[in-house]
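Participant: let's see this in three dimensions:
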Amino acid sequence: MRERFWTIVLWIVMVTGAALFLGSGLLYWQGISAVEDRSEFGSKVEERGGQESGGEDELAEPMAVSLEAGEEIGAVYFPDLEISIPVFEGVSEEELARGVGHVPGTLLPGDGGNIVLSGHRDTVFRRLEELEVGDKVMVGLRGGDGLSVYKINRIRIVDKNDTSVVVPRAREVLTITTCYPFTFIGRAPERYVVETEFIGMEDEKQKGSDDALVH
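Facilitator: Below you'll find the model as predicted:
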């Protein structure tokens, strides 16, 4: 009787362990897939020099900035979500584990063009779907003189290989992208893209010391 009891206990332990292992493996694969997708995306941007055809607001030649990979360049603030997230240069696993990544080969606020930010759907951008057209997004640069304010004018879903989101623009725009669907396990087949237009500057001090964007 005792041997049967310990056999049952052993089986319970083995089944529980296997379940935990499989669950952890799925979460790990989801995270790695998102990093790989975004790394490939950033590489395509650098290889293409930010160029893509079509669209009356596009520029013939890109105007890219040069920053050191992993450098903290500022923060992005979503007033409607009351969330502020640090922004780092690059879209490798290291940068995306720390916050939002600035896609290499795209511009910075104030440079007049397309600024592209990317982040994980299950961490920093897990609430991105809550944003609506008309909502504001603010970006502050370290050492900057204020916050660049943008208004969301379009939200769309594109194929993961669609690089049109990084096309240079004639006017300043902020493009935010993450993997989609948000609950997809593994390599997500699409991208969730939030497109905004620049509407002006705001003094960071007006936000108050409790929720200052850039420290």
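Participant: so where's the chain shaky on pLDDT?
Facilitator: Across the chain, the ranges flagged by pLDDT under 70 are 1-65, 205-215.
Participant: try 80
Facilitator: Counting by pLDDT under 80, the ranges of the chain that qualify are 1-66, 204-215.
Participant: show me the helices in this protein, by range?
Facilitator: Listed in chain order, the helices of the chain (DSSP state H) span 2-48, 93-98.
Participant: and the shortest one, what other elements does it pack with?
Facilitator: Applying 3 or more CB pairs under 8 Å, 6 or more residues apart in numbering; DSSP states H and E, we find helix 93-98 packed against helix 2-48, strand 83-89. To be clear about C-beta, it is placed using only N, CA and C from the backbone, and glycine gets the same treatment.
Participant: list phi and psi for Asp203.
Facilitator: Here is the backbone geometry of Asp203 (degrees, to the nearest 10): phi -70, psi 120.
Participant: ah, wrong one, I meant Arg142
Facilitator: Torsion angles, degrees, to the nearest 10, at Arg142: phi -60, psi 130.
Participant: quick one: Leu147 and Arg156, what's the gap?
Facilitator: 25 Å (CB to CB, to the nearest Å).
Participant: before we move on, what about Val173?
Facilitator: In this view, Val173 and Arg156 are 13 Å apart by CB to CB.
Participant: also Thr196?
Facilitator: Going from Thr196 to Arg156 by CB to CB gives 12 Å.
Participant: more neighbours, the two?
Facilitator: Higher neighbour count among Thr196 and Arg156: Thr196, with 24 against 13, using other CB atoms under 10 Å.
Participant: excluding covalently adjacent residues, which one is nearest to that one?
Facilitator: Excluding its sequence neighbours, the residue lying closest to Thr196 (CB to CB, 6 or more residues apart in numbering) is Tyr150, at 3.7 Å.
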